[in-house]
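Engineer: The following block contains a protein sequence and its predicted model.
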Amino acid sequence: MAYKRLTIRIGLWSFCLLTFLPIIILIVYKTNINTLHDFRSMNINFLTLSLVFLCLSWCFDVFRLKVLTEINSTKLSFVYGVKAILSCTFLANITPSSMGGGPLLVYMLNQKGVTYGRATAIVFIRGAVTVLFFAIGGIIIVRFNKDLLSNTGIKVLYDYTVVILAAIMIFFFCLYFAPFPTRKYTNSLFNYLETLSVLRGRTSRLKKGLFHVIDDFNSSIKGFILGSNWRLILVVFYTAMINAFQFLAAPLILKGLGLDTKIMETFVIQWVLNFMLYCVPTPGGSGIAEGLGYALFSPLVPSHIIGIFLLLWKFVTTYVWILIGGLIVVHSIGMKRLEDIIMNNADVQQRKLYEVPEQKVFEQECKHAGHQCS
């Protein structure tokens, strides 16, 4: 437990340090008399309006989650959806590569009766649609705006993101179209692990549960894609609305600071920036997000005000929601339970998620072997 607490503490401190240190340094080195003048004369109404649009963005995110859970005939209340989304946002931003958000969302869906495999499929679809949205759009934008990659560091990060996301999508493509070979190779892997003395006798339950999850995951994905075309269209529409309202924050803040910029220019920058943040190893992309923001927004924002702009922009799009999500987690889940979810080491959780009755496992294996089970 001490390790788990240390992990969360490191995540929180890493996020704060990597997020605020670059912005503080930027403000210190770029601030002059013009910075103070522009900040004092800022029209606060534009900042307020940007927060309103961000609230609408989160509402559409909840609507998207509700549509996805309806596949499992599960009705989520709007309030619970808000709690789930913001809790996921909090944990995603304090864990490396944002990998903590998914397991927490799976856990919260499981608490409402969604099986682990189906919850995993829902989280996957939610993330995959968003990734594809940014990937397809980002690649097209870069194709016609190559000046965005004029910085060597940005180009390297862009190429790295393309390769990693392509590998991930190929893996899930194979999982969808070839579930039986996936079970076969997974079984071979577990058989090998069972030969290791430190793992002997400890992998059987996990293997049974994992096979069940793979079956449940594939059936959920197929059911969604083949039988719910209207839901897929609705999810794509909600994804577009989520990001449209989120992207409006930057031009509104710039307008409040007295800068006239073209909305589409800020949309293009944010689209490419979000795409490149998907595979960065820092908690929630902290540090790298600020660095990319500085590099990409510099042509549009004067140097004396860019530090203040980045701070306000990240505040309305990220910081305030992480704070709210953290309060929800502490009140609704508790840090002790959160630690168990992150480490996937709570016995109760493992029984819920991984244990599968022997007869059910037998029936599933027979089904995949092409036999009838009595």
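Structural biologist: Cool, the structure landed.

Engineer: which stretches of the chain have low pLDDT?
Structural biologist: The model of the chain has pLDDT under 70 over residues 1-9, 72, 97, 171, 197-202, 205-206, 209-229, 335-336, 339-374.

Engineer: Which positions in the helix or strand containing S50 come out as buried?
Structural biologist: According to DSSP states H and E, S50 maps onto helix 44-69. Neighbour counts over helix 44-69 (16 or more other C-beta atoms under 10 Å) mark 46-47, 49-50, 53-54, 56-69 as buried. To be clear about C-beta, it is placed using only N, CA and C from the backbone, and glycine gets the same treatment.

Engineer: Next secondary structure element downstream of it?
Structural biologist: helix 78-92.

Engineer: residues making contact with that following helix?
Structural biologist: Residues from elsewhere that reach helix 78-92, judged by C-beta atoms under 8 Å, 6 or more residues apart in numbering: 58, 61-62, 65-66, 76, 98-102, 104-105, 108-109, 112, 284, 321-322, 324-326, 328-329, 332-333, 338, 342.

Engineer: and what of stretch 21-39?
Structural biologist: With C-beta under 8 Å, 6+ apart as the test, stretch 21-39 has contacts from 257-258, 287, 290-291, 294, 302-308, 310-311, 314.

Engineer: Out of those, which is nearest to L175?
Structural biologist: G287 (32.3 Å; C-beta to C-beta).

Engineer: The closest one contacts L18, correct?
Structural biologist: Yes - applying C-beta atoms under 8 Å as the test, G287 and L18 come out as touching, 3.4 Å apart.

Engineer: Is I94 part of a helix or strand, or is it coil?
Structural biologist: Under the three-state scheme (DSSP: H, G, I helix; E, B strand; the rest coil), I94 adopts coil.

Engineer: Now do the contacts for the closest residue to it other than its chain neighbours.
Structural biologist: Excluding the flanking residues, the one nearest I94 by C-beta to C-beta, 6 or more residues apart in numbering is G11, at 3.7 Å. G11 makes contacts with 94-96, 100, 283, as judged by C-beta under 8 Å, 6+ apart.

Engineer: do you know how far G291 is from I308?
Structural biologist: 17 Å (C-beta to C-beta, to the nearest Å).

Engineer: Repeat that for L327.
Structural biologist: In terms of C-beta to C-beta, L327 sits 26 Å off from I308.

Engineer: How many neighbouring residues does the residue nearest to L49 when sequence neighbours are not counted have?
Structural biologist: Distances taken as C-beta to C-beta, 6+ apart put L252 closest to L49, at 5.6 Å, once the chain neighbours are dropped. Neighbourhood size, L252 [other C-beta atoms under 10 Å]: 24.

Engineer: Just to check, L252 is in contact with N45?
Structural biologist: No - using C-beta under 8 Å, L252 makes no contact with N45, being 9.3 Å away.

Engineer: one step back: so between L327 and I308, which is more surrounded?
Structural biologist: The neighbour count for L327 versus I308, taken as other C-beta under 10 Å, is higher for I308 (22 against 13).

Engineer: Spit out the contact partners of that one.
Structural biologist: 27, 35, 38-39, 257.

Engineer: if we go to 6 Å?
Structural biologist: If you count contacts by C-beta atoms under 6 Å, 6 or more residues apart in numbering, I308 has them with F39.

Engineer: That one should be in a helix, yeah?
Structural biologist: Yes - with three-state DSSP as the criterion, I308 is part of a helix.

Engineer: where do the strands sit along this protein?
Structural biologist: For the chain, applying DSSP state E gives no strands.

Engineer: circling back: buried ones among the contacts of G11?
Structural biologist: For the contacts of G11, a burial check counting by 16+ other C-beta under 10 Å picks out 94-95, 100, 283.

Engineer: filter the contacts of stretch 21-39 to the buried ones?
Structural biologist: Buried residues within the contacts of stretch 21-39, counting neighbours by 16+ other C-beta under 10 Å: 257, 287, 290-291, 294, 304-308, 310-311, 314.

Engineer: chain center to stretch 20-36, what's the gap?
Structural biologist: 30 Å (C-alpha atoms, centre = their mean, to the nearest Å).

Engineer: Pull out the buried positions in that stretch.
Structural biologist: 20, 22-23, 26-27, 30, 35.

Engineer: Kindly indicate which of these lies nearest L277.
Structural biologist: Nearest to L277 among those, with distances taken as C-beta to C-beta, is P22, at 14.4 Å.

Engineer: The closest one and G287: what is the separation?
Structural biologist: Taken as C-beta to C-beta, the span from P22 to G287 is 6 Å.

Engineer: try F177
Structural biologist: As judged by C-beta to C-beta, F177 and G287 stand 38 Å apart.

Engineer: Now L259: closest residue in space, sequence neighbours ignored.
Structural biologist: Of all residues apart from its sequence neighbours, V301 sits closest to L259 (C-beta to C-beta, 6+ apart), at 6.8 Å.
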